[in-house]
Structure formats: C-alpha cells, structure tokens
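Asker: mind looking at a prediction? Sequence and model below.
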Amino acid sequence: MRLPAGVLVPAAIGAATLLLPLAALLLRVDWRAVPETLSAPGTLSALGLSLGTATMATMLCFALGVPLALVIARTEGAVAAALRACVTLPLVLPPLVGGLALLSLLGRGGLLGDWLFGLGIRIPFTTAAVVIAQTFVALPFLVIAVEGALRGQGSAYERVAESLGARPWTVLRRVTLPLLAPSLTAGGILCFTRALGEFGATALFAGNAPGTTRTMPLAIYTAFNGAGVTQDAALTLSLLLVLVAIVTLVCMRSRGSGAAL
C-alpha cells in the first residue's frame, strides 16, 4: 500500500527529531580522547558506581517484582486493578516527585525516617539511597513484563502439576518460572538500563557526592554545571549510556526473534 505524502513528511520529521540529537552527540565526542577520558578517576568512579548500583537495583527488582507480579496476575477484580495502578504510578510520576516521596518516607521527619535514625540507620544521601531510588523507578518494568506474560500463558500447566501432587513451591520452581524465562530476561534488561539512566529521584534522595552517590547521569549533569568531571567526560559517559541502550535493544530484538522461531 502506498502511503500519502501527508503521512511520510511528518514521519520523516519525527524520525529526524529522534535521531538528530543523538547524531549531534556522536559528532561532538572527541574520539581520540575517549580512552584517556574513560580512564580518568572521576569517570571510572561514576561508571563503577552506576554499574554496581544498577546491578543491585536489578537484583532487588527480581526479588520483589516477581512475587508482586505473581500476586497481581493471580488476583482478580478491584484488588488487582489497585495493585496494577500502584505499580504503574512510578512510570508516570516525574522522577523528582519520586525522590521527594522517598525522602518523605525515609528522610528526617519522614514516616520511617526518624525511627530508622533512632536505630542509627541513615539512608538518604548514601549509596543505599541510590539503589533504593533506582529500584523505585525500575521495578514497574519487571512487574509489568512478568505480569503480562503470566496472564497470557494462563494457569493450565500449574493446575496440571498440582493435580499430579506437586507442592506450590515445586510448581513455582519447576513450572511457572521456567515458562517465564523470556519475560524475566526482558524485564531484567529493562530494569538494568532504567536504573543505569536514573537521574531525578537519585539527585533528590541520594544527592551528588563523588564516589558515593554520583552516578553517570549525575556526573553528566555536574559537568555541564561547571564542576566535577570535564565536559569531555560527560560526553563520553553520555556515549556509554547510548551504547548500553543500543545493546539492550539488540538483545531484546534477538530474544524476540528467538521466540518467534
């Protein structure tokens, strides 16, 4: 079917809107200085902290998100709708609001903050706060992916296993989770990349301390405000985030092709 010019023109403008900023970023990078920039202490610190906290946040998302997705998928009616709305909420909230909400919960004067301070536990403006902020924004990606797969595949295999005498944990371990493997992989990749690029909630809840809470997005922001790492380092870190996103898309595309086969 031939498409009218009235469709092609805005489509081309839309594609250019998405691609031109990334092309401009690639052209601005000083490629000869990339190895030196990547080996700079400030860059390595931000890169290592981002990879470490994003990995821990992804593990937390698996530990909390898979059980939550199972509960939502096996629940009907208003309860399921309310749980699904709660899970979706971090996706539509501005990240800064998420950071403020975390401070209201765990900061001084917060719902749990004073109690934790009384126990000698301080979470805001620590590396743990970075992990919590990343988990807050990344968790919905895993829950939505797994819950959708659970609803799509139904519970027929689980009922057959139960009718043969399998215990609930055996059904979960030997039937449910293996069937969810593709969705778990996709959800995990999305969680990791979202955590790696998290900025707003982290900035408000964890701060911007070098070596402790300054992740790659915060290092980029700091560089363009005249402090911390250089702008060359900021461009190189931006390039790394773009590369991670591209690798993620390629991995998900390959997984989708494999599933289709």
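Answerer: Ah, there it is.
Asker: please, where are all the strands along the stretch 151-261 of the chain?
Answerer: Shown for the stretch 151-261 of the chain, no strands are assigned by DSSP state E, counting those that start in this stretch.
Asker: low-confidence stretches in it?
Answerer: Applying pLDDT under 70 to the stretch 151-261 of the chain picks out residues 226-230, 252-261.
Asker: ok, residue 237 - contacts?
Answerer: Shown in contact with residue 237 (C-beta atoms under 8 Å, 6 or more residues apart in numbering): 43, 46-47, 216, 219-220, 229. C-beta coordinates here come from the backbone N, C-alpha and C atoms, glycine included.
Asker: so of these, which ones are in helices?
Answerer: 43, 46-47, 216, 219-220 (DSSP state H).
Asker: list the contacts of residue 183.
Answerer: Here residue 183 is in contact with 145-146, 148-149 (criterion: C-beta under 8 Å, 6+ apart).
Asker: read off the pLDDT value for the closest residue to it other than its chain neighbours.
Answerer: Nearest residue to residue 183, sequence neighbours excluded (C-beta to C-beta, 6 or more residues apart in numbering): residue 149, at 3.7 Å. Listed pLDDT for residue 149 reads 91.
Asker: which strands and helices sit next to the host helix or strand of residue 149?
Answerer: Per DSSP states H and E: residue 149 is located in helix 127-153. On a contact count with 3 or more C-beta pairs under 8 Å, 6 or more residues apart in numbering; DSSP states H and E, helix 127-153 meets helix 41-73, helix 77-92, helix 95-106, helix 181-196, helix 200-206.
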